[in-house]
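Participant: Structural data only, the sequence is not supplied:
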């Protein structure tokens, strides 16, 4: 009977199916159109294989006058969705991600999908199993690092959860794959003397003030680039990190960061000497929002020009901000509040801080990094 069976490649290549499952599919495909096979005529193992085929969308079960029977399903919308390739789903997911994630996070997802398709092929999402994913992660470890493999794992595992929710796949294969471990690594950060050396290598006054603002606030690069004049409360000396139509914070929540005395003076003088009608505090030469890639490249070029640790990058300003505060004895909860982290729930009962009480803490940064009005603006 199986000699006459027509079995699609999608079934033959589905590694979730055993030989017995494929044989069962072949028996069904060889039946006259519409007849199917009665479940009552099957033993326990055959019924188990049928139910697996049903769960994966290859077989349908229905009750008629002859009892409960199973038949091959028609090419339903769900089955068509489950033939969606890695690249096609990447586009579907990008449309969703653009509404809930920052542009940088969206790009991370897209890069992960591109690399997955490059390594294992642009195969149907539903055909990807544990073996393919473990091979992909092994390749990324060899080509890049454990850090890269872990980053791709986290991004793709999250996206595949959505694929399950949207019926593109029946289960997330990442749940059966161990997340790559990475060795503990102390983030690179600036000491006071290193930061002064770094500033000395910057000719552009605007970029010098931009970096100074970064280290005195701990803002993420995307937050700093999107900082607008309406986000500054000059009366309270606060910076309000808040969502806009074209900007969303990483946690999707707003927070307040108090300005140090030096930073308040710097921002105030920028307002007095404003040279454009831009809404941004640190716009590009056209008054528009700065480009993330250009900022990161300019930062790295300065680091190398003055001979500092090549591991230093723009996010190191944020590490420097938090490391300095901790070294000055500032409570970890306070630091977490300033950085906008959503964790540390276990410490919330030990502190009841409000933005106005944080000024005395961040003012320690002025002295700690040796920043003065002259060094920031010269």
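Facilitator: That came through fine. Source: prediction; values computed, not measured. Residues are numbered from 1 along each chain as shown.
Participant: ok, for residue 224, nearest residue in space, not its chain neighbours?
Facilitator: Using Cβ to Cβ, 6 or more residues apart in numbering and skipping the chain neighbours, the partner closest in space to residue 224 is residue 214 (5.6 Å). In short, each C-beta sits where N, CA and C put it, glycine included.
Participant: Three-state assignment for that neighbour, please.
Facilitator: Three-state call for residue 214 (DSSP: H, G, I helix; E, B strand; the rest coil): helix.
Participant: where's it relative to residue 90, distance?
Facilitator: According to Cβ to Cβ, to the nearest Å, residue 214 stands 32 Å off from residue 90.
Participant: From the centroid of the protein, which residue is nearest?
Facilitator: For the chain, the residue nearest the mean C-alpha position is residue 105 (4.2 Å; Cα atoms, centre = their mean).
Participant: check contacts around that residue.
Facilitator: 97, 250 (Cβ atoms under 8 Å, 6 or more residues apart in numbering).
Participant: Please tell me how far it sits from residue 308.
Facilitator: Residue 105 is 28 Å from residue 308, by Cβ to Cβ.
Participant: what's the answer for residue 11, then?
Facilitator: In this view, residue 11 and residue 308 are 58 Å apart by Cβ to Cβ.
Participant: More neighbours: which of the two?
Facilitator: residue 308 (19 against 16; other Cβ atoms under 10 Å).
Participant: Apart from its chain neighbours, what residue comes closest to residue 148?
Facilitator: Closest residue to residue 148 apart from its sequence neighbours, by Cβ to Cβ, 6+ apart: residue 140 at 5.4 Å.
Participant: was I right about the one you found contacting residue 118?
Facilitator: No - in this structure, residue 140 is not within contact of residue 118 by Cβ atoms under 8 Å, at 10.3 Å.
Participant: Of these two, which one has the most company?
Facilitator: Between residue 140 and residue 118, residue 140 has the larger neighbour count (other Cβ under 10 Å), namely 23 against 12.
Participant: In the chain, which helix is the longest?
Facilitator: Ranked by residue count, the top helix of the chain under DSSP state H comes out as helix 146-165.
Participant: Which neighbouring elements make contact with that one?
Facilitator: Packed against helix 146-165 by the contact rule (3 or more Cβ pairs under 8 Å, 6 or more residues apart in numbering; DSSP states H and E) you find helix 86-97, helix 103-120, helix 130-143.
Participant: Please identify the buried residues of it?
Facilitator: Going by neighbour count (16 or more other Cβ atoms under 10 Å), the buried part of helix 146-165 is 148-153, 155-157, 159-160, 162-163.
Participant: Just put the residues you listed in CSV and tack on pLDDT and distance to residue 228.
Facilitator: Converted to CSV, the buried residues of helix 146-165 look like this (pLDDT from 0 to 100; distance: Cβ to Cβ, whole Å):
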residue, pLDDT, distance to residue 228
148, 92, 34
149, 94, 38
150, 94, 35
151, 94, 30
152, 96, 34
153, 96, 36
155, 95, 29
156, 97, 34
157, 96, 35
159, 95, 31
160, 96, 36
162, 92, 32
163, 90, 37
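Participant: any chance of those in a markdown table, plus distance to residue 191?
Facilitator: A markdown table is the format used below for those (distance: Cβ to Cβ, whole Å):
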| residue | distance to residue 191 |
| --- | --- |
| 148 | 28 |
| 149 | 31 |
| 150 | 29 |
| 151 | 28 |
| 152 | 33 |
| 153 | 34 |
| 155 | 33 |
| 156 | 37 |
| 157 | 37 |
| 159 | 39 |
| 160 | 42 |
| 162 | 43 |
| 163 | 46 |
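Participant: can I see the domain layout of the protein?
Facilitator: 2-74, 80-176, 192-377 (automatic domain parsing).
Participant: Would you format those domains as TSV with distance to residue 182 included?
Facilitator: Formatted as TSV, the domains of the chain follow (distance: least, Cβ to Cβ, whole Å):
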stretch	distance to residue 182
domain 2-74	28
domain 80-176	5
domain 192-377	15
